[in-house]
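1. What would the 3D arrangement of this be:
(one chain, ligands or ions: 1)
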Amino acid sequence: MLKVILISVAFVLCLAVLGPVQAQHTVQISRIDFTLVAEDYATLHEYAPKIDRMVKDITKRWLDEPIPRGMRQTTVHIYHRSYNKAYCTKDLNIFIYSNGDHLEATLKHELTHALLHIRYPDLPRWTHEGVATSWDGPGNQARYAHILNWSRKSGTYPRLAEIMKGVRFNARNTTAYAASNNLVKFLLSRSDRYTLFLYSTGKCTLERAYGYSSTYALQQAWITWLNAPCVAMRPSG
Ligand SMILES: [Zn+2]
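-> Below you'll find the model as predicted:
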């Protein structure tokens, strides 16, 4: 009896020192290139094949060739919650907390970050987001269009020099995402995706890639293009 009491006391003391034990039961599926972690098997079986398909889609649209198998391992965590939050770390851990709305679009956005981290380790934030947002769902695309329409009406535009330095990105700053999304579309209307990545990773100057002598010249050309509505406001996809 004394032994039971002592063990109980020790357990309570441990809880007091370490805090409550998190009830976190996870299951996972491991493939060569990714591990999917979730809290139930239904999520694993639903999303593992979807991840395979999404990686193929992203590769076809944005990469020059598939990343060799086994090069890097990405771990995708999907947790069903009452709120939405998602991010991808540079060491290729994707965390998605989702209430179910737009989960697939969010997953594709974050997988794009992971593949870009592998293929282009030095890619700046604006290119990352400009490319990843191309997969965003209609809700986000409408938000981006609304911001740029407001710019056209008011004549006040996001400053590309600030956005390209990456100083304005955070989850609540939709303008930085809208501008990046549209800037990537604009640059792709001027040249191909290889040029976009060459320029973005500093392997080619702005002048040589696109013929603009400065970021200011780029800003002016983007504004002119943005005011040609049928081209600039075309949704991604
Ligand atoms: Zn992103």
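2. any chance you could map the strands in this protein?
-> Taking DSSP state E as the criterion, the chain carries its strands at 27-30, 34-38, 74-80, 85-88, 93-98.
3. now the ones you listed as JSON lines including distance to residue 126?
-> C-beta coordinates here come from the backbone N, C-alpha and C atoms, glycine included. Formatted as JSON lines, the strands of the chain follow (distance: least, C-beta to C-beta, whole Å):
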{"stretch": "strand 27-30", "distance to residue 126": "33"}
{"stretch": "strand 34-38", "distance to residue 126": "26"}
{"stretch": "strand 74-80", "distance to residue 126": "22"}
{"stretch": "strand 85-88", "distance to residue 126": "16"}
{"stretch": "strand 93-98", "distance to residue 126": "20"}
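4. Count the neighbours of residue 173 for me.
-> 13 (other C-beta atoms under 10 Å).
5. Can you tell me which residues in this protein are near the ion?
-> Listed as neighbours of the ion in the chain under the rule C-beta under 5 Å from the ion: 129, 132.
6. swap the cut-off to 6 Å and go again
-> 109, 113, 129, 132 (C-beta under 6 Å from the ion).
7. Adding neighbour count, write those residues out as CSV.
-> Below are the residues of the chain next to the ion laid out as CSV (neighbours: other C-beta atoms under 10 Å):
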residue, neighbour count
109, 25
113, 23
129, 25
132, 26
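8. Tabulate the strands of the chain (CSV), appending mean neighbour count.
-> Shown next, in CSV, are the strands of the chain (neighbours: other C-beta under 10 Å):
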stretch, mean neighbour count
strand 27-30, 14
strand 34-38, 20
strand 74-80, 19
strand 85-88, 16
strand 93-98, 19
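9. nearest spatial neighbour of residue 117, skipping sequence neighbours?
-> The shortest distance from residue 117 to any non-neighbouring residue, by C-beta to C-beta, 6 or more residues apart in numbering, is to residue 90 (5.9 Å).
10. Report pLDDT for that neighbour.
-> Note for residue 90: predicted pLDDT of 95.
11. can you pull the contacts of residue 194?
-> residue 64 (C-beta atoms under 8 Å, 6 or more residues apart in numbering).
12. again with the one 4 residues further on
-> By C-beta under 8 Å, 6+ apart, the residues touching residue 198 are 204, 209.
13. Please apply the same query to residue 71.
-> Counting by C-beta under 8 Å, 6+ apart, residue 71 touches 33, 118.
14. go on, residue 228?
-> Listed by C-beta under 8 Å, 6+ apart, the contact set of residue 228 is empty.
15. confidence score at it?
-> Predicted confidence (pLDDT) for residue 228: 86.
16. How about residue 137?
-> So, for residue 137, pLDDT stands at 94.
17. repeat for residue 189
-> pLDDT, read off for residue 189, is 96.
18. My guess is it contacts residue 225. True?
-> Yes - at 7.0 Å, residue 189 counts as touching residue 225 under the criterion of C-beta atoms under 8 Å.
19. more crowded one of those two?
-> Here residue 189 and residue 225 are compared on neighbour count by other C-beta under 10 Å; more neighbours surround residue 225, at 16 against 12.
20. now the more buried one: how far from residue 183?
-> As judged by C-beta to C-beta, to the nearest Å, residue 225 and residue 183 stand 10 Å apart.
21. nearest spatial neighbour of residue 187, skipping sequence neighbours?
-> Among residues not flanking residue 187 along the chain, residue 196 sits closest, at 5.3 Å (C-beta to C-beta, 6+ apart).
22. about what we covered before: between the strands of the chain, which one is closest to residue 118.
-> Comparing the strands of the chain against residue 118 with C-beta to C-beta, the closest turns out to be strand 74-80 (8.0 Å).
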